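A.B. asks: quick one, what's the 3D model for this:
(4 chains)
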4 protein chains.
Amino acid sequence: MSAKTKVTFPLILVNLKSYLESSGRKAVELAKVAETVAEDTGVCIGLAPQFVDIGLISKFKIPVFSQHIDPILPGAFTGHVLPESVADAGAVGTIVNHSERRLELSDLEAVVERARSVGLISVVCANSSKVGMAAALLAPEIIAIEPPELIGTGIAVSKAKPEIVSDSVESIRKVNQHAVVLCGAGISSGEDVSAAITLGSRGVLVASGVVKAPKWKKVLLELAEASVRA
Amino acid sequence: MSAKTKVTFPLILVNLKSYLESSGRKAVELAKVAETVAEDTGVCIGLAPQFVDIGLISKFKIPVFSQHIDPILPGAFTGHVLPESVADAGAVGTIVNHSERRLELSDLEAVVERARSVGLISVVCANSSKVGMAAALLAPEIIAIEPPELIGTGIAVSKAKPEIVSDSVESIRKVNQHAVVLCGAGISSGEDVSAAITLGSRGVLVASGVVKAPKWKKVLLELAEASVRA
Amino acid sequence: MSAKTKVTFPLILVNLKSYLESSGRKAVELAKVAETVAEDTGVCIGLAPQFVDIGLISKFKIPVFSQHIDPILPGAFTGHVLPESVADAGAVGTIVNHSERRLELSDLEAVVERARSVGLISVVCANSSKVGMAAALLAPEIIAIEPPELIGTGIAVSKAKPEIVSDSVESIRKVNQHAVVLCGAGISSGEDVSAAITLGSRGVLVASGVVKAPKWKKVLLELAEASVRA
Amino acid sequence: MSAKTKVTFPLILVNLKSYLESSGRKAVELAKVAETVAEDTGVCIGLAPQFVDIGLISKFKIPVFSQHIDPILPGAFTGHVLPESVADAGAVGTIVNHSERRLELSDLEAVVERARSVGLISVVCANSSKVGMAAALLAPEIIAIEPPELIGTGIAVSKAKPEIVSDSVESIRKVNQHAVVLCGAGISSGEDVSAAITLGSRGVLVASGVVKAPKWKKVLLELAEASVRA
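C.D. replies: Residues are numbered from 1 along each chain as shown, chains lettered A, B, ... in the order given. Next comes the predicted model:
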């Protein structure tokens, strides 16, 4: 396997969710575009595809994330996602506790530890700054603040609820100096990204705003450029 | 993508669960062995690896199964397994409702329908003959009877609880003439497979009995030969 | 404890869900009204209150149902609902697998058995006629067909989707001659109840249509009278 | 309803789980004993019975806790536990996130807020000191450290893993000066309680050690006396 692409900040992390019907072929297309934009702008663009597509996408020079892992050791866990398996397939990290796939608090501690032990970066999603702070105590590398009510709306968290982003940045710093804060929900334009960066976010989580856009290159370029211009 | 390998009976379906730490490399090794044994004996040997390894394994001339799919349409379902994604990656079918990843009854109906609509064979696991019968009404292609208390014990269902296998075969036939019945739990020897086939099972689900065996080829050969000799 | 009130058909089963803020006092008020209407009309009116209110309500001459029980034996199950505990408190039966509290298929088999073993009548909710049929194989006393998309809408299943009621009655009879079929979702008028009874339903599940009605007595009277006039 | 009994410390909180088959009658017996011991020793003894028994037990001069509540508002939540309903029935507080009924992190924030808004004390269980710290950020009144591997073993956390208790006390104080720390798991003797108190715990959670003891009075007396002698 080729060396994994390192994560740098600002980070544009694109969550593909289950949006793409021909998931493998389309994810590869998106990865190619992301790779080009990343090379052209110098901005780190990560992709979180369906589990089965992690291997395909990890051949490109972009960091690949799992959308979830389970807090399990190798064993009798049919239908669960072994952290080792996604790391082996080429992922550099994993989203966990997304509002569409939430974890119990105790599992969250375990999952961050398991991720670390297999060399995966944890991106813990949090629906509020208090939850973000609680998550920060578990020492993940990245915390992504995503108010669920804005997800998929096109109304950007960084513009509709700027205080949740700045509050999170500040309160998370109090309990964990090392964790990087991202924000997400409703992000679809360069302006949304600039606003996020200005508030102290080190990048964004974006999903439908990119995946459902008519021109992937155009929107990724806009987001990437805004992230460094801010 | 190459044409998918067809499922025939008797079927030896190997569930890799989360047993293999270096999941990709090891799963490929096991697939190679399974392919050889399948070619040598003419017996169908299926593998159900970790999600991320479905693509890797589907290059071999053996049918590949997912360990689970979610009853979702393309959309905002982070961390869920889109049926289309595993079909695209090369799987011919999917295990669902395994005792380690059980489904709600209504989701089970939805998941069997989604599997069919994307061309995946459903292998619905059932912990009892009554549950098997209920599952059969949802019209999956295959029902696998697995008493959870025997899973991973090495005590074969076909020898320790033969009546659950024969009862299931009989009662499932009453409500669904087309569904194929497999059995599983504790299967590790040719004798276990012969007993299963004699009871009306059209094959077996096997996991630790193969995956944790010191010599994969030896045990797969023994199981495959027993399945046609019975 | 006084003798429990027997369930007869037609049955108007009122699911209080979590609608009532001052749950105990209000549930007692509703129970009094239901008792009066049941005595006046001779129609069986059951109530399914919050767990904590089962004991309070069971003093009235109406059958009381739990909204859910867990498939557990006495033991270390903090926060779960022991079937014995609701039977002891005076419930005659229990709703299970409601679309707002769905059960895994294997748990559903276990829960129906546990209910029977402690003398509770099972009312298994099903979101489709196929699920209703599968549930019927598990031998509950009552199956309630409730298409989730109509719950709480005021659009009655018996008028908007009459075929799902008649199909369910017919297909459930094929696999279980003894199970009684009710229907629910959107029921709020006497006409809705008449339509349900005409389609072969032996009563209705009703929730907001009664609990949120300005005059409980008026609506219960209307439903009860319609159930015997149909 | 009579005034609720206030919670004071040290607190012996007895979780009845689902241990008692004749749950109502037996819970009343245990409540009587607890009331007597509490009066004789001046030590606060709380009981957390099955949901349906909360009303029965709240007539005694002991504080009653729910074993769980759901983070819901009054509405369409069949089979869920409305915080208002348990408060109305006489509970003064609620256990949440017990290892036998764990909550997702975001629900935990919501549940602590809902509890507060209806006047219920939250006792958040945590399986580790890190999880306890994360929980403390959500501002519950009480955090109970319970290593799941010791629950029900009779091997007391305060003697087998004293460091987890003292670490929790210390690290929780860093993020929340007001939260009271209890510990639990394996507690069954006065010595276990003394050890817990000495380590900074303000009381204990106890379950099988009391509920399954042959003589409730003897063991409760022993625990209560040890809690003030320590």
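A.B. asks: excluding chain neighbours, give the residue nearest to residue A:184 in space.
C.D. replies: Spatial nearest neighbour of residue A:184, excluding adjacent residues (C-beta to C-beta, 6 or more residues apart in numbering or on different chains): residue A:205 at 3.0 Å. Backbone N, C-alpha and C define where each C-beta goes, glycine included.
A.B. asks: just checking, that neighbour touches residue A:142?
C.D. replies: No: the pair residue A:205 / residue A:142 is not scored as a contact, 9.5 Å apart, by C-beta atoms under 8 Å.
A.B. asks: hey, what's in contact with both of these two?
C.D. replies: A:123, A:182 (C-beta atoms under 8 Å, 6 or more residues apart in numbering or on different chains).
A.B. asks: which of those two has more neighbours?
C.D. replies: Neighbour comparison, residue A:205 and residue A:142: the larger count goes to residue A:205, with 30 against 24 (by other C-beta atoms under 10 Å in any protein chain shown).
A.B. asks: can I assume that one sits in a strand?
C.D. replies: Yes: looking at residue A:205 with DSSP: H, G, I helix; E, B strand; the rest coil, it is inside a strand.
A.B. asks: how about the contacts made by it?
C.D. replies: Per C-beta under 8 Å, 6+ apart, neighbours of residue A:205: A:13, A:15, A:95, A:123, A:125, A:144, A:146, A:182-185, A:187.
A.B. asks: of these, which is the most crowded?
C.D. replies: That'd be residue A:183 among these, by other C-beta under 10 Å, with 35 neighbours.
A.B. asks: all strands for chain A, in order.
C.D. replies: A:11-15, A:44-48, A:65-66, A:93-96, A:121-126, A:142-145, A:180-184, A:203-206 (DSSP state E).
A.B. asks: make JSON lines from those strands and add distance to residue B:25 to it.
C.D. replies: JSON lines is the format used below for the strands of chain A (distance: least, C-beta to C-beta, whole Å):
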{"stretch": "strand A:11-15", "distance to residue B:25": "28"}
{"stretch": "strand A:44-48", "distance to residue B:25": "23"}
{"stretch": "strand A:65-66", "distance to residue B:25": "18"}
{"stretch": "strand A:93-96", "distance to residue B:25": "20"}
{"stretch": "strand A:121-126", "distance to residue B:25": "22"}
{"stretch": "strand A:142-145", "distance to residue B:25": "28"}
{"stretch": "strand A:180-184", "distance to residue B:25": "32"}
{"stretch": "strand A:203-206", "distance to residue B:25": "31"}
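A.B. asks: want to try CSV for the ones you listed, with distance to residue B:227 and mean pLDDT as columns?
C.D. replies: Formatted as CSV, those follow (distance: least, C-beta to C-beta, whole Å; pLDDT from 0 to 100):
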stretch, distance to residue B:227, mean pLDDT
strand A:11-15, 44, 98
strand A:44-48, 41, 98
strand A:65-66, 36, 98
strand A:93-96, 39, 98
strand A:121-126, 44, 98
strand A:142-145, 49, 97
strand A:180-184, 51, 95
strand A:203-206, 49, 96
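A.B. asks: just the C-alpha atoms of stretch A:219-230, please, in PDB.
C.D. replies: Once non-C-alpha atoms are left out, stretch A:219-230 reads as follows in PDB (Å, rounded to 0.1, in the frame of the first residue of the first chain):
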ATOM      1  CA  VAL A 219     -17.500  24.000  -5.300                       C
ATOM      2  CA  LEU A 220     -14.400  22.300  -3.900                       C
ATOM      3  CA  LEU A 221     -12.200  25.000  -5.400                       C
ATOM      4  CA  GLU A 222     -14.400  27.700  -3.800                       C
ATOM      5  CA  LEU A 223     -14.300  26.000  -0.400                       C
ATOM      6  CA  ALA A 224     -10.600  25.400  -0.500                       C
ATOM      7  CA  GLU A 225      -9.600  28.900  -1.600                       C
ATOM      8  CA  ALA A 226     -11.900  30.400   1.000                       C
ATOM      9  CA  SER A 227     -10.300  28.300   3.700                       C
ATOM     10  CA  VAL A 228      -6.900  29.900   3.200                       C
ATOM     11  CA  ARG A 229      -8.000  33.400   2.300                       C
ATOM     12  CA  ALA A 230     -10.000  33.800   5.500                       C
END
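A.B. asks: using PDB, list the CA coordinates for the helix-or-strand element of chain A with minimal mean pLDDT.
C.D. replies: Ranking every helix and strand in chain A by mean pLDDT, DSSP states H and E puts helix A:157-160 at the bottom, with a mean of 90. Provided in PDB are the C-alpha atoms of helix A:157-160 (Å, rounded to 0.1, in the frame of the first residue of the first chain):
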ATOM      1  CA  VAL A 157     -23.700  26.900  11.000                       C
ATOM      2  CA  SER A 158     -20.900  29.500  10.700                       C
ATOM      3  CA  LYS A 159     -23.400  32.100   9.600                       C
ATOM      4  CA  ALA A 160     -26.700  31.100  11.300                       C
END
